[in-house]
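**Student:** I need the structure of the sequence given here:
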Amino acid sequence: MAPSPFNRVARHDGSLDLPVRQALDPEAPVVNPNFIVIGQAKCGTTTVYEALRSHPQVFVTEPKEPHYFTYVPSRRDPEWYASLFSGVTTERAIGEGSTSYTRPDIHERCARDIHKAFPDIRLIYMARDPVARLESDWKMRVREGRATWNDINQSLDDNPQVVELGKYWRNLSTYRELFSDEQLLMLSLEDYARAPEKVMARIHRHIGVDEVFEAVGESAALNTAASYRQDGLVMGLARRSGLLEAGRALLPQSLIQSLKTRFSSPYRYEANWDPVRLRDLQQMYRETSKPFLEHCGKPLDYWSYEARELPRGAKEMRLA
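**Tutor:** Here you go, the predicted structure:
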(Lines give C-alpha, C1' and ligand atoms only; values in the text may rest on other atoms or scores of the structure.)
Protein backbone atom coordinates (compact mmCIF):
# COMPACT_ATOMS: atom_id res chain seq x y z
CA MET A 1 0.00 0.00 0.00
CA ALA A 2 1.38 3.40 -0.97
CA PRO A 3 1.91 5.83 1.90
CA SER A 4 -0.95 8.26 2.35
CA PRO A 5 -0.14 11.94 1.92
CA PHE A 6 -2.72 12.73 4.59
CA ASN A 7 -0.42 11.89 7.45
CA ARG A 8 -0.85 14.29 10.31
CA VAL A 9 -3.28 14.58 13.19
CA ALA A 10 -3.94 17.29 15.76
CA ARG A 11 -2.28 16.98 19.16
CA HIS A 12 -4.10 17.83 22.36
CA ASP A 13 -2.74 21.38 22.12
CA GLY A 14 -3.92 21.72 18.53
CA SER A 15 -0.47 21.54 16.92
CA LEU A 16 0.54 18.87 14.44
CA ASP A 17 1.67 15.47 15.59
CA LEU A 18 3.15 12.38 13.99
CA PRO A 19 1.00 10.31 11.64
CA VAL A 20 -1.63 8.72 13.84
CA ARG A 21 -0.60 5.09 13.30
CA GLN A 22 3.05 5.96 13.77
CA ALA A 23 2.21 7.73 17.02
CA LEU A 24 1.18 4.32 18.34
CA ASP A 25 3.79 2.18 16.61
CA PRO A 26 6.90 3.69 14.97
CA GLU A 27 7.11 0.66 12.67
CA ALA A 28 3.52 0.95 11.47
CA PRO A 29 2.79 2.28 7.97
CA VAL A 30 1.26 5.73 7.64
CA VAL A 31 -2.53 5.28 7.62
CA ASN A 32 -4.88 8.20 8.11
CA PRO A 33 -8.23 9.24 6.64
CA ASN A 34 -8.18 10.67 3.16
CA PHE A 35 -11.90 11.44 3.03
CA ILE A 36 -14.62 12.50 5.47
CA VAL A 37 -18.40 12.64 5.06
CA ILE A 38 -18.94 15.92 6.92
CA GLY A 39 -22.74 16.23 6.77
CA GLN A 40 -25.41 17.20 6.80
CA ALA A 41 -27.27 15.25 9.49
CA LYS A 42 -30.53 13.62 8.32
CA CYS A 43 -29.55 13.95 4.65
CA GLY A 44 -28.73 10.35 3.72
CA THR A 45 -25.19 10.17 5.08
CA THR A 46 -25.78 6.77 6.73
CA THR A 47 -26.97 5.24 3.46
CA VAL A 48 -23.98 6.63 1.56
CA TYR A 49 -21.60 5.55 4.32
CA GLU A 50 -22.86 1.96 4.27
CA ALA A 51 -22.65 1.88 0.48
CA LEU A 52 -19.01 2.95 0.80
CA ARG A 53 -18.42 0.27 3.42
CA SER A 54 -19.41 -2.40 0.88
CA HIS A 55 -16.74 -1.24 -1.59
CA PRO A 56 -13.63 -3.47 -1.52
CA GLN A 57 -11.28 -0.50 -1.96
CA VAL A 58 -12.81 1.59 0.83
CA PHE A 59 -12.22 1.47 4.58
CA VAL A 60 -14.61 3.32 6.89
CA THR A 61 -14.50 3.56 10.65
CA GLU A 62 -16.75 1.90 13.18
CA PRO A 63 -18.39 3.91 14.62
CA LYS A 64 -19.44 5.93 11.61
CA GLU A 65 -19.22 9.19 13.55
CA PRO A 66 -16.18 9.40 15.88
CA HIS A 67 -16.71 13.19 16.27
CA TYR A 68 -12.98 13.63 16.83
CA PHE A 69 -12.79 17.22 15.56
CA THR A 70 -16.09 18.10 17.23
CA TYR A 71 -14.26 18.44 20.54
CA VAL A 72 -11.83 21.19 21.42
CA PRO A 73 -8.20 20.05 21.12
CA SER A 74 -7.74 19.59 24.86
CA ARG A 75 -10.49 16.94 24.88
CA ARG A 76 -9.24 14.93 21.89
CA ASP A 77 -7.50 11.58 22.15
CA PRO A 78 -5.20 11.08 19.13
CA GLU A 79 -4.40 7.50 20.08
CA TRP A 80 -8.07 6.57 20.18
CA TYR A 81 -8.62 8.24 16.80
CA ALA A 82 -5.63 6.38 15.42
CA SER A 83 -7.03 3.07 16.61
CA LEU A 84 -10.11 3.55 14.41
CA PHE A 85 -7.91 3.06 11.34
CA SER A 86 -5.90 0.09 12.65
CA GLY A 87 -7.86 -2.31 10.46
CA VAL A 88 -6.74 -0.76 7.19
CA THR A 89 -5.01 -3.24 4.89
CA THR A 90 -4.90 -2.52 1.16
CA GLU A 91 -7.81 -0.08 0.85
CA ARG A 92 -7.21 3.06 -1.21
CA ALA A 93 -9.87 5.28 0.37
CA ILE A 94 -9.95 5.61 4.15
CA GLY A 95 -12.65 7.65 5.81
CA GLU A 96 -15.04 8.53 8.58
CA GLY A 97 -18.44 10.24 8.65
CA SER A 98 -18.99 12.71 11.49
CA THR A 99 -21.87 14.97 10.49
CA SER A 100 -21.23 17.13 13.57
CA TYR A 101 -18.33 18.71 11.66
CA THR A 102 -20.88 20.97 9.93
CA ARG A 103 -22.88 21.79 13.06
CA PRO A 104 -23.68 25.53 12.95
CA ASP A 105 -22.03 26.41 16.26
CA ILE A 106 -18.71 24.67 15.56
CA HIS A 107 -18.32 24.30 11.78
CA GLU A 108 -15.71 27.06 11.54
CA ARG A 109 -13.42 25.49 14.15
CA CYS A 110 -13.93 21.98 12.75
CA ALA A 111 -13.07 23.11 9.24
CA ARG A 112 -9.87 24.83 10.38
CA ASP A 113 -8.75 21.90 12.51
CA ILE A 114 -9.44 19.37 9.76
CA HIS A 115 -7.54 21.52 7.26
CA LYS A 116 -4.62 21.84 9.68
CA ALA A 117 -4.47 18.09 10.20
CA PHE A 118 -5.32 16.92 6.66
CA PRO A 119 -4.96 19.78 4.15
CA ASP A 120 -5.36 17.48 1.12
CA ILE A 121 -8.36 15.50 2.36
CA ARG A 122 -11.47 14.92 0.23
CA LEU A 123 -14.82 15.96 1.72
CA ILE A 124 -18.33 14.72 0.94
CA TYR A 125 -21.40 16.75 1.85
CA MET A 126 -25.01 15.57 1.50
CA ALA A 127 -27.99 17.96 1.58
CA ARG A 128 -31.74 17.69 1.02
CA ASP A 129 -34.86 19.85 0.98
CA PRO A 130 -34.30 21.73 4.26
CA VAL A 131 -37.94 21.51 5.39
CA ALA A 132 -37.87 17.74 4.87
CA ARG A 133 -34.56 17.62 6.75
CA LEU A 134 -36.09 19.59 9.60
CA GLU A 135 -39.05 17.21 9.89
CA SER A 136 -36.74 14.20 9.78
CA ASP A 137 -34.63 15.71 12.56
CA TRP A 138 -37.75 16.27 14.68
CA LYS A 139 -38.88 12.66 14.17
CA MET A 140 -35.48 11.44 15.36
CA ARG A 141 -35.87 13.57 18.50
CA VAL A 142 -39.35 12.11 19.08
CA ARG A 143 -37.92 8.57 18.95
CA GLU A 144 -35.15 9.56 21.35
CA GLY A 145 -37.62 11.08 23.80
CA ARG A 146 -36.32 14.61 23.27
CA ALA A 147 -39.41 16.00 21.53
CA THR A 148 -43.17 15.54 21.67
CA TRP A 149 -44.81 13.53 18.89
CA ASN A 150 -47.60 16.04 18.27
CA ASP A 151 -45.86 19.46 18.27
CA ILE A 152 -42.88 20.27 16.07
CA ASN A 153 -43.21 23.94 17.02
CA GLN A 154 -42.27 23.29 20.65
CA SER A 155 -39.28 21.25 19.48
CA LEU A 156 -38.05 24.19 17.39
CA ASP A 157 -38.49 26.52 20.35
CA ASP A 158 -36.47 24.16 22.54
CA ASN A 159 -33.78 23.49 19.91
CA PRO A 160 -33.49 26.47 17.52
CA GLN A 161 -30.17 25.15 16.19
CA VAL A 162 -32.00 22.45 14.21
CA VAL A 163 -33.29 25.20 11.92
CA GLU A 164 -29.73 26.42 11.35
CA LEU A 165 -28.66 22.94 10.20
CA GLY A 166 -30.64 23.56 7.01
CA LYS A 167 -28.59 26.62 6.06
CA TYR A 168 -26.19 24.50 4.03
CA TRP A 169 -24.17 27.19 2.26
CA ARG A 170 -23.42 28.97 5.52
CA ASN A 171 -22.47 25.74 7.31
CA LEU A 172 -19.96 25.10 4.53
CA SER A 173 -18.57 28.63 4.48
CA THR A 174 -15.23 27.94 6.17
CA TYR A 175 -14.78 24.66 4.30
CA ARG A 176 -15.27 26.55 1.04
CA GLU A 177 -12.62 29.05 2.09
CA LEU A 178 -10.03 26.44 3.07
CA PHE A 179 -10.63 23.59 0.63
CA SER A 180 -10.76 23.69 -3.15
CA ASP A 181 -13.86 22.87 -5.17
CA GLU A 182 -12.05 19.71 -6.25
CA GLN A 183 -11.82 18.58 -2.63
CA LEU A 184 -15.40 19.38 -1.58
CA LEU A 185 -18.13 17.31 -3.25
CA MET A 186 -21.69 18.57 -2.65
CA LEU A 187 -24.58 16.19 -3.34
CA SER A 188 -28.30 15.88 -2.66
CA LEU A 189 -30.34 13.10 -1.13
CA GLU A 190 -32.98 13.64 -3.83
CA ASP A 191 -30.46 12.81 -6.56
CA TYR A 192 -29.41 9.72 -4.64
CA ALA A 193 -33.04 8.58 -4.32
CA ARG A 194 -33.55 8.94 -8.08
CA ALA A 195 -30.26 7.44 -9.26
CA PRO A 196 -28.09 6.03 -6.45
CA GLU A 197 -25.67 4.41 -8.87
CA LYS A 198 -24.86 7.77 -10.49
CA VAL A 199 -24.32 9.52 -7.17
CA MET A 200 -22.11 6.71 -5.88
CA ALA A 201 -20.10 6.80 -9.11
CA ARG A 202 -19.39 10.49 -8.47
CA ILE A 203 -18.34 9.70 -4.91
CA HIS A 204 -16.10 6.85 -6.06
CA ARG A 205 -14.37 9.11 -8.57
CA HIS A 206 -14.03 11.79 -5.91
CA ILE A 207 -12.20 9.50 -3.45
CA GLY A 208 -10.19 7.67 -6.13
CA VAL A 209 -11.64 4.15 -6.22
CA ASP A 210 -13.20 2.03 -8.94
CA GLU A 211 -16.82 2.75 -9.77
CA VAL A 212 -18.64 -0.15 -8.16
CA PHE A 213 -22.24 0.14 -6.95
CA GLU A 214 -24.25 -2.20 -4.77
CA ALA A 215 -27.48 -0.98 -3.16
CA VAL A 216 -27.59 -1.27 0.62
CA GLY A 217 -30.60 -3.33 1.63
CA GLU A 218 -33.82 -3.70 -0.31
CA SER A 219 -34.62 0.02 -0.42
CA ALA A 220 -31.03 1.28 -0.50
CA ALA A 221 -32.05 3.76 2.21
CA LEU A 222 -31.05 3.44 5.87
CA ASN A 223 -31.84 5.32 9.05
CA THR A 224 -35.16 6.64 7.69
CA ALA A 225 -37.99 7.58 10.05
CA ALA A 226 -40.22 4.86 8.56
CA SER A 227 -37.67 2.17 9.42
CA TYR A 228 -38.09 2.67 13.18
CA ARG A 229 -40.80 1.07 15.31
CA GLN A 230 -41.93 1.68 18.88
CA ASP A 231 -41.71 -1.18 21.37
CA GLY A 232 -44.95 -2.58 22.71
CA LEU A 233 -45.20 -3.93 26.27
CA VAL A 234 -43.80 -7.39 25.41
CA MET A 235 -40.95 -6.11 23.25
CA GLY A 236 -40.08 -3.45 25.82
CA LEU A 237 -39.81 -6.05 28.56
CA ALA A 238 -37.74 -8.34 26.34
CA ARG A 239 -35.34 -5.50 25.52
CA ARG A 240 -34.94 -4.25 29.10
CA SER A 241 -34.48 -7.75 30.53
CA GLY A 242 -31.82 -8.75 28.01
CA LEU A 243 -33.95 -11.49 26.44
CA LEU A 244 -33.94 -9.77 23.06
CA GLU A 245 -30.16 -9.56 23.00
CA ALA A 246 -29.84 -13.21 24.07
CA GLY A 247 -32.36 -14.26 21.45
CA ARG A 248 -30.31 -12.67 18.68
CA ALA A 249 -27.53 -15.17 19.39
CA LEU A 250 -29.85 -18.19 19.46
CA LEU A 251 -32.70 -17.56 17.02
CA PRO A 252 -32.75 -16.94 13.26
CA GLN A 253 -32.71 -13.26 12.33
CA SER A 254 -35.93 -13.70 10.34
CA LEU A 255 -37.73 -14.91 13.48
CA ILE A 256 -36.35 -12.06 15.59
CA GLN A 257 -37.54 -9.56 12.97
CA SER A 258 -40.96 -11.19 12.84
CA LEU A 259 -41.32 -10.95 16.63
CA LYS A 260 -40.20 -7.32 16.63
CA THR A 261 -42.78 -6.46 13.98
CA ARG A 262 -45.55 -8.30 15.82
CA PHE A 263 -44.85 -6.73 19.20
CA SER A 264 -44.09 -3.19 18.08
CA SER A 265 -45.88 -0.45 16.19
CA PRO A 266 -44.90 2.42 13.88
CA TYR A 267 -44.01 5.64 15.62
CA ARG A 268 -46.77 8.21 15.60
CA TYR A 269 -45.87 11.66 14.28
CA GLU A 270 -48.18 14.67 14.09
CA ALA A 271 -46.15 17.81 13.54
CA ASN A 272 -49.09 20.23 13.81
CA TRP A 273 -47.08 22.97 12.15
CA ASP A 274 -48.03 26.52 12.97
CA PRO A 275 -48.89 27.82 9.46
CA VAL A 276 -47.21 31.20 9.98
CA ARG A 277 -44.04 29.63 11.32
CA LEU A 278 -43.93 27.17 8.42
CA ARG A 279 -44.41 29.95 5.86
CA ASP A 280 -41.61 32.00 7.41
CA LEU A 281 -39.27 28.99 7.41
CA GLN A 282 -40.05 28.22 3.78
CA GLN A 283 -39.29 31.79 2.75
CA MET A 284 -36.05 31.81 4.74
CA TYR A 285 -34.88 28.47 3.33
CA ARG A 286 -35.63 29.54 -0.24
CA GLU A 287 -33.24 32.47 0.23
CA THR A 288 -30.49 30.63 2.09
CA SER A 289 -30.55 27.69 -0.35
CA LYS A 290 -30.03 29.76 -3.51
CA PRO A 291 -26.20 29.82 -3.53
CA PHE A 292 -25.99 26.12 -2.68
CA LEU A 293 -28.36 25.13 -5.50
CA GLU A 294 -26.62 27.45 -7.97
CA HIS A 295 -23.22 25.99 -7.07
CA CYS A 296 -24.58 22.47 -7.62
CA GLY A 297 -26.13 23.43 -10.97
CA LYS A 298 -29.69 22.96 -9.73
CA PRO A 299 -32.70 25.15 -10.57
CA LEU A 300 -33.96 27.33 -7.73
CA ASP A 301 -37.18 25.30 -7.61
CA TYR A 302 -35.26 22.04 -7.18
CA TRP A 303 -36.68 21.79 -3.65
CA SER A 304 -40.36 22.36 -2.92
CA TYR A 305 -39.92 23.36 0.76
CA GLU A 306 -43.32 21.78 1.41
CA ALA A 307 -44.07 20.15 4.76
CA ARG A 308 -44.84 16.45 4.63
CA GLU A 309 -46.64 16.79 7.96
CA LEU A 310 -49.73 18.98 7.56
CA PRO A 311 -49.99 22.33 9.36
CA ARG A 312 -52.65 22.87 11.97
CA GLY A 313 -56.08 23.12 10.38
CA ALA A 314 -54.87 21.88 6.98
CA LYS A 315 -57.12 18.80 7.02
CA GLU A 316 -60.14 20.91 7.83
CA MET A 317 -59.24 23.46 5.17
CA ARG A 318 -58.98 20.72 2.53
CA LEU A 319 -62.46 19.45 3.40
CA ALA A 320 -64.00 22.93 3.29
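**Student:** what about the chain, any weak spots by pLDDT?
**Tutor:** Low-confidence segments of the chain (pLDDT under 70): 1-30, 213-240, 244, 247, 256, 259-261, 263-267, 309-320.
**Student:** how is it partitioned into domains?
**Tutor:** Listed domain ranges for the chain are 20-134+162-226, 229-266 (source: automatic domain parsing).
**Student:** so which of those gets nearest Leu281?
**Tutor:** Proximity to Leu281 (CB to CB) singles out domain 20-134+162-226 among the domains of the chain, at 6.6 Å. C-beta here means a position set from N, CA and C on the backbone, and glycine is covered the same way.
**Student:** just how off-centre is the closest one within its chain?
**Tutor:** Counting by CA atoms, centre = their mean, to the nearest Å, domain 20-134+162-226 is centred 8 Å from the centre of its parent chain.
**Student:** circling back: tell me which of the domains of the chain sits nearest to Ala307.
**Tutor:** Of all the domains of the chain, it is domain 20-134+162-226 that lies closest to Ala307, at 5.8 Å by CB to CB.
**Student:** helices of the stretch 151-300 of the chain, start to end?
**Tutor:** Per DSSP state H, counting those that start in this stretch, the stretch 151-300 of the chain carries helices over the ranges 152-158, 161-164, 168-171, 173-178, 189-194, 196-207, 233-241, 243-250, 253-262, 275-295.
**Student:** which residues are in contact with the fifth one?
**Tutor:** Going back to what we said before, that points to helix 189-194. Residues outside helix 189-194 that contact it (CB atoms under 8 Å, 6 or more residues apart in numbering) are 43-44, 47-48, 126-129, 198-199, 221, 302-303.
**Student:** deepest-packed of the helices of the stretch 151-300 of the chain, please.
**Tutor:** Among the helices of the stretch 151-300 of the chain, the stretch with the highest mean neighbour count (mean count of other CB atoms under 10 Å) is helix 168-171, at a mean of 21.
**Student:** buried ones among the contacts of helix 189-194?
**Tutor:** Buried by 16 or more other CB atoms under 10 Å: 43-44, 47-48, 126-129, 199, 221, 303, out of these.
**Student:** helix or strand for Pro119, which one?
**Tutor:** According to DSSP states H and E, Pro119 maps onto no helix or strand at all.
**Student:** ok, it to Asp113 distance?
**Tutor:** Pro119 is 11 Å from Asp113, where distance means CB to CB, to the nearest Å.
**Student:** the two - which one has more neighbours?
**Tutor:** Neighbours were tallied for Pro119 and for Asp113 using other CB atoms under 10 Å; the higher tally belongs to Asp113 (21 against 13).
**Student:** what separates the more buried one from His67, distance-wise?
**Tutor:** Noted for Asp113: a distance of 12 Å to His67, by CB to CB.
**Student:** likewise for Tyr175?
**Tutor:** Counting by CB to CB, the gap from Tyr175 to His67 is 17 Å.
**Student:** next one: Glu245
**Tutor:** Going from Glu245 to His67 by CB to CB gives 26 Å.
**Student:** so where does Phe59 fall, helix or strand?
**Tutor:** Going by DSSP H and E, Phe59 is part of strand 58-60.
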